[in-house]
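A.B. asks: pasting a predicted model and its sequence here:
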Amino acid sequence: MHDQPSVSELVQAVKNFVDHSAMPELKGRAAFHARVASNVLATILRDLDARDANDAAEYERLKALLPDSDGKSRQALNEELQVRIRSGELTIESAALMEHLKKTAIAQLKVDQPKYSGLATAIED
Amino acid sequence: MSEKQEFDSRLQAVLRRVYGEQIALASANRLSGGASQETWLLTLNGTGAPETLILRRAPEGMEATDDSRAIGLPNEARLIRKAAAAGVAVPEVVHVLEPDEGVGEGFIMSRVEGETIARRILRNDEYAKARENLPAQCGRALAGIHRIDGSDVPRIRKSTGLAQVEQYEQTYQEIGVCRPIFDLAIVWLKENAPKPLEPMLVHGDFRLGNIMVDEQGLAAVLDWELAHYGDPREDIGWMCTNSWRFGQSEKRLGGFGDVEPLLDAYAAAGGAEFTPRDIDWWDMLGSMKWGIMCMGMYETFRSGADASVERAAIGRRVSETEMDLVNLLEGQRYA
């Protein structure tokens, strides 16, 4: 498939339209939703940029954290992690678990809400 | 007559019953609110009545149901009157709507001047004094709220801390997503739940956004719909939850202050004595609850019930609470 313009370029073009053409014309609830829409388009751009690398890094961490992980998908390993947490086998006393969860949360938040205060707190530590 | 004219005319009839035939409704403008809860600004002409009033209403058919956590507007009005009698700053309820008045369920109250938008309260210079006064004012207000006897008000549920963990765990499992940070937080909260205190009336949504603030600080406690019998630490912890610090993380209490002056004022006004550490568990409960509420709001988009971009986007705020939960759980690891 062609990618000229690429998906990111197309999203950027729509964001330009929302920010510079549509939003100044809108008032009240519609203006509020336009601002939300613009933020969503920015999230999409960050997601397109970061998802593959984030998923790969998360997968590698899960394989290192969980035994017998060969051949299991990232989703399967996350579900296994969930089971081990719920059973009490993995707790906050596990440094490896906490490091994995922290890295996962930071990567997700950098895509979803990079300005959120809790992200700065986490990165400071 | 249009539907709005009909509504205005019924509303004027209600106001004339309260204030007399010499007054007229000049305008009724909807300010905000979702599908089930509306807030209207009413302006009145004529002597013997305030120039402006606030109407809180649910349109017919949109009233809070028995299985909802919200207590319903008529009960909210009852509690606000009790809060006023207990010396808590609240709007004055001037009339509770009757079914035969034809304007839905709700009540009319005085309009308290001030600001509810958290970012303005936290950042604008004119609220500098307010930010200084708010911690102790909130402590005194909570001590008053927690003393209210609501036993004759229907539909107020009992919901302790541990019961809330279990309730939100169930919601999380029903949604069925796999976000292990929530599992870890839920396990930790269950294993470290504090000894329950005698349940008392708690506001249930005590935070910036739900209080009216003027230049001197707390002007009125609003939005009583989630009031219930529970643990007094819940109201304190909710205001400390990072989601309700609106970007000012370094100030634990609502982004405007420290929790210590609130706790001191709370105890001095007759409330129990708590330390900041006593609030930690409730602070984490708050992040867990808000994260799962965000998941639930996104579910209304996913299910097709609400197609708005706002409902979709809120699903991408769950990660804010995941980050907060990781930060808090890490803190507990070294505690």
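C.D. replies: Ah, there it is. Residues are numbered from 1 along each chain as shown, chains lettered A, B, ... in the order given.
A.B. asks: the residue nearest to B:Gly230 when sequence neighbours are not counted: how many residues sit nearby?
C.D. replies: Once flanking residues are discounted, B:Gly230 sits nearest to B:Val202: 4.6 Å by CB to CB, 6 or more residues apart in numbering or on different chains. Bear in mind the C-beta positions are built from the backbone N, C-alpha and C, glycine included. Neighbourhood size, B:Val202 [other CB atoms under 10 Å in any protein chain shown]: 24.
A.B. asks: any idea what B:Val202 is bridged to?
C.D. replies: B:His228 (DSSP bridges).
A.B. asks: my read is that it contacts B:Ile236, right?
C.D. replies: No: counting by CB atoms under 8 Å, B:Val202 stays clear of B:Ile236, with 9.6 Å between them.
A.B. asks: what parts of the stretch 201-335 of chain B come near chain A?
C.D. replies: Residues of the stretch 201-335 of chain B lying close to chain A by CB under 8 Å from any CB of the partner chain are B:242, B:245, B:247-249, B:308-310, B:312-313, B:316-320, B:322-324, B:326-327, B:329-330, B:332-333.
A.B. asks: which among those residues end up buried?
C.D. replies: Among these, those classed as buried by neighbour count (16 or more other CB atoms under 10 Å in any protein chain shown) are B:242, B:245, B:248-249, B:309-310, B:312-313, B:316-320, B:322-324, B:326-327, B:329-330.
A.B. asks: narrow these to those in strands?
C.D. replies: Residues from those lying in strands, with DSSP state E as the criterion: none.
A.B. asks: next up, the contacts around the residue nearest to B:Gly230.
C.D. replies: B:145-146, B:227-232, B:234-235 (CB atoms under 8 Å, 6 or more residues apart in numbering or on different chains).
A.B. asks: what's the weakest-modelled helix or strand in chain A?
C.D. replies: helix A:117-124 (a mean of 92; mean pLDDT, DSSP states H and E).
A.B. asks: buried ones in it, by neighbour count?
C.D. replies: Quick answer for helix A:117-124 (16+ other CB under 10 Å): A:117-119, A:121-122.
A.B. asks: name the residues of the longest helix along chain B that are buried.
C.D. replies: When chain B is scanned for its longest helix (criterion: DSSP state H), the result is helix B:276-302. Residues of helix B:276-302 classed as buried: B:276, B:278-299, B:301 (neighbour count, 16+ other CB under 10 Å).
A.B. asks: quickly list what B:Phe107 is bridged to.
C.D. replies: Those that pair with B:Phe107 in a beta bridge, by DSSP bridges, are B:Arg56, B:Val96.
A.B. asks: quick one: it from B:Ala227, how far?
C.D. replies: Counting by CB to CB, to the nearest Å, the gap between B:Phe107 and B:Ala227 amounts to 15 Å.
A.B. asks: any stretches of the stretch 1-150 of chain B with poor pLDDT?
C.D. replies: The model of the stretch 1-150 of chain B has pLDDT under 70 over residues B:33-36, B:61, B:65-67.
A.B. asks: leaving out the residues flanking it, which one is nearest to residue 119?
C.D. replies: Using chain A. Once flanking residues are discounted, A:Leu119 sits nearest to A:Leu109: 4.9 Å by CB to CB, 6+ apart.
A.B. asks: oops, I was thinking of chain B
C.D. replies: B:Phe246 (5.8 Å).
A.B. asks: and if you look at B:Gly286?
C.D. replies: For B:Gly286, the closest residue by CB to CB, 6+ apart turns out to be B:Thr241, at 3.1 Å.
A.B. asks: in contact with the one you found, which residues?
C.D. replies: B:207, B:283, B:286-287, B:290, B:324.
A.B. asks: now do the helices in chain A.
C.D. replies: Using DSSP H, helices in chain A cover A:7-16, A:28-65, A:74-86, A:95-112, A:117-124.
A.B. asks: among those, which is the most enclosed?
C.D. replies: helix A:95-112 (a mean of 19; mean count of other CB atoms under 10 Å in any protein chain shown).
A.B. asks: restrict it to CA atoms and write it as CSV.
C.D. replies: Extracted in CSV, the C-alpha atoms of helix A:95-112 (Å, rounded to 0.1, in the frame of the first residue of the first chain):
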residue,chain,number,x,y,z
ALA,A,95,11.6,-5.7,42.9
ALA,A,96,11.4,-7.2,39.4
LEU,A,97,7.6,-7.0,39.4
MET,A,98,7.6,-3.4,40.6
GLU,A,99,10.2,-2.4,38.0
HIS,A,100,8.2,-4.0,35.2
LEU,A,101,5.0,-2.4,36.2
LYS,A,102,6.6,1.0,36.6
LYS,A,103,8.2,0.8,33.1
THR,A,104,4.9,-0.4,31.6
ALA,A,105,3.0,2.5,33.3
ILE,A,106,5.5,5.1,32.2
ALA,A,107,5.5,3.9,28.6
GLN,A,108,1.7,3.9,28.5
LEU,A,109,1.3,7.3,30.2
LYS,A,110,3.9,8.9,27.8
VAL,A,111,1.5,8.0,25.0
ASP,A,112,-1.8,8.7,26.8
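A.B. asks: state the mean pLDDT of it.
C.D. replies: Averaging pLDDT along helix A:95-112 yields 98.
A.B. asks: contact partners of that helix?
C.D. replies: Contacts for helix A:95-112 (CB under 8 Å, 6+ apart): A:43, A:46-47, A:50-51, A:54, A:57-58, A:61-62, A:64-65, A:85, A:90-92, A:116, A:118-119, A:122-123, B:180-181, B:184, B:316-320, B:322-323, B:326, B:329-330, B:333.
A.B. asks: same question for stretch B:38-52.
C.D. replies: B:11, B:15, B:18-20, B:22-33, B:53-59, B:106, B:108, B:110-111.
A.B. asks: try it again with 6 Å
C.D. replies: B:19-20, B:22-24, B:26-33, B:53, B:55-57, B:111 (CB atoms under 6 Å, 6 or more residues apart in numbering or on different chains).
A.B. asks: filter those residues down to the ones in helices?
C.D. replies: B:Tyr19.
A.B. asks: any of the contacts of stretch B:38-52 buried? List them.
C.D. replies: Applying 16+ other CB under 10 Å to these flags B:19, B:23, B:28, B:53, B:55-57, B:111 as buried.
A.B. asks: how close does B:Pro232 get to B:Gly139?
C.D. replies: 11 Å.
A.B. asks: residues from chain A in reach of chain B?
C.D. replies: A:33, A:36-37, A:40, A:43, A:78-79, A:81-82, A:85-86, A:92, A:101-102, A:105, A:108-109, A:112-113, A:116-119, A:121-122 (CB under 6 Å from any CB of the partner chain).
A.B. asks: let me see the contact set for B:Tyr168.
C.D. replies: B:289, B:292 are the contacts of B:Tyr168 under CB under 6 Å, 6+ apart.
A.B. asks: noted, bye for now.
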